[in-house]
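quick one: sequence and predicted model below, then my questions.
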Amino acid sequence: MKKLLLATAIAALSVSAANAAPTVYGKAFLSADYVNGEFDSNVNDAFDRDEDTVEINSYSSRIGLKGSEAMTANTDVVYQLEYGIRVDGEDRTFKSRDTYLGVVNKDFGEIRAGRNQSTLDYINNVIVNEGYWDNLGDSNLESNQKLGGLNMADSGRINNSIIWKAPQYNNLPLNLAVMYSSDANEDNGASDNDDGYGAALTFDQGTGFTLGVAYDKDQNISGEIIRGTATVDLGKYMAYPVQLGALYQQADFDYSSEDEKGLVLSANMDLNNFARPANVYVQYNNTESLDGNENSDSDQIVVGGKYFFKDNVIMHAYAGLNKADNVSTQAAGIDDNGDDAMFDTIGDTEVFVLGTGLEYRF
């Protein structure tokens, strides 16, 4: 009898340990990019910049742990600890990505607390660009730094945040997520920034057509962002393996009277004449009043493709061009006393990039 009880206890402990074991996952994405960029100052030719080089870059490389474990018959605890790393060695520090602890209940939905991707990203199913050109959110030129393509404001990860994902009701094709973020610990009271909040709603019947709308305030920017998206998979309706997408966004910055307006159009086509899965894509971005600056606009066009040697080993190739007008930055120069100094300047940029890379997922 004692042996039977001991065997039962060991089996129970084994099942519990198996349920608690986290999943280790991640990816390494490294590329070689030829970058040709120019900045032409409208103020002083001495502030012009010119870049022509080959860069080795790491994109969204990461490692993480995630898992779940039953608390009751209807409720599970869920967790994730994810950290980004630069495979190219430029930054040897692990940086927190999505890190949270939460619970999931089939009647009340899911609640997560920690550092979470904002709900604005929940409808970001239109972006097909990879590598260098996955660059939404790059809306400013850094002071005296390398050039890069400029685009509309984007979603980011929010500290001190709570997300609630509503359960589906009667199989309705709607998904609702609501987010709150506290500013209490961001700057130790040094500013009077408000707490933030956001929400996202998606419509998806599984028929190849989706709609999404999202809104947030004082999370990704100091101000408000509203975003709408639509996608259609033509392969669901005809013999064309093409997916189309459109995104429109308007950002109202607290520090500007001008609203930033952004548009993204994308198309992705699967290629069926290869031994392994492959696809090609094209994406066009347009932004008016970058970062709320009047007459500061950008246009970007990118073409690229992916080839899957295996489901988790992917070759990338892409080429793109970004042009931006009347963007502000700072440039190094010499002041009237002959000393090194930084000067404000405004000008136009043009960046061309041709790249190829390898991605490994595990």
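Received the coordinates, thanks. Residues are numbered from 1 along each chain as shown.

where in the stretch 251-362 of the chain is pLDDT low?
Counting by pLDDT under 70, the stretch 251-362 of the chain shows no low-confidence range.

try 90 this time
272-273, 328-345 (pLDDT under 90).

what ranges do the helices span in it?
Using DSSP state H, counting those that start in this stretch, the stretch 251-362 of the chain contains no helices.

what number of residues lie near the closest residue to residue 329 other than its chain neighbours?
Leaving aside its chain neighbours, residue 329 sits nearest to residue 141 (3.8 Å; criterion: CB to CB, 6 or more residues apart in numbering). C-beta here means a position set from N, CA and C on the backbone, and glycine is covered the same way. Applying other CB atoms under 10 Å, we find 23 residues neighbouring residue 141.

tell me which element residue 141 falls in.
Under the criterion of DSSP states H and E, residue 141 resides outside all helices and strands.

from residue 302, how far off is it?
As for residue 141, its distance to residue 302 is 19 Å (criterion: CB to CB, to the nearest Å).

what does residue 34 give?
Going from residue 34 to residue 302 by CB to CB gives 14 Å.

and residue 74, by the same measure?
46 Å.

between those two, who's got more neighbours?
More crowded of residue 74 and residue 302, by other CB under 10 Å: residue 302, with 25 against 11.

now that one. Nearest residue, chain neighbours left out?
residue 320 (3.5 Å).

what sits opposite that neighbour in the beta ladder?
Using DSSP bridges, the bridge partners assigned to residue 320 are residue 302, residue 353.

what of residue 358?
In beta-bridge terms (that is, DSSP bridges), residue 358 pairs with residue 30, residue 315.

what's the neighbour count on residue 68?
A count of neighbours around residue 68, defined by other CB under 10 Å, yields 17.

for it, what is the enclosing helix or strand?
strand 62-70.

what strands flank that strand, and is each parallel or antiparallel?
Under the rule (DSSP bridges), strand 62-70 has strand 23-41 (antiparallel), strand 75-84 (antiparallel) as partners.

average model confidence for that strand?
For strand 62-70, mean pLDDT is 96.

okay, buried residues for it please.
62-65, 67-68 (16 or more other CB atoms under 10 Å).

and residue 197, how many neighbours?
When neighbours are counted by other CB under 10 Å, residue 197 registers 17.

so what's it up against?
Taking CB atoms under 8 Å, 6 or more residues apart in numbering, we find residue 197 in contact with 178-181, 216-219.

could you identify the most distant pair in those residues?
Distances among those were taken as CB to CB; the most separated pair is 178 and 218, at 15.0 Å.

now the strands for the stretch 51-200 of the chain?
62-70, 75-84, 95-105, 109-117, 157-165, 174-181, 196-204 (DSSP state E, counting those that start in this stretch).

out of the ones you listed, flag the one nearest residue 289.
For those, the distance to residue 289 is smallest for strand 196-204, at 21.8 Å, taking CB to CB.

next helix or strand past that closest one?
Counting by DSSP H and E, the next helix or strand C-terminal to strand 196-204 is strand 209-217.
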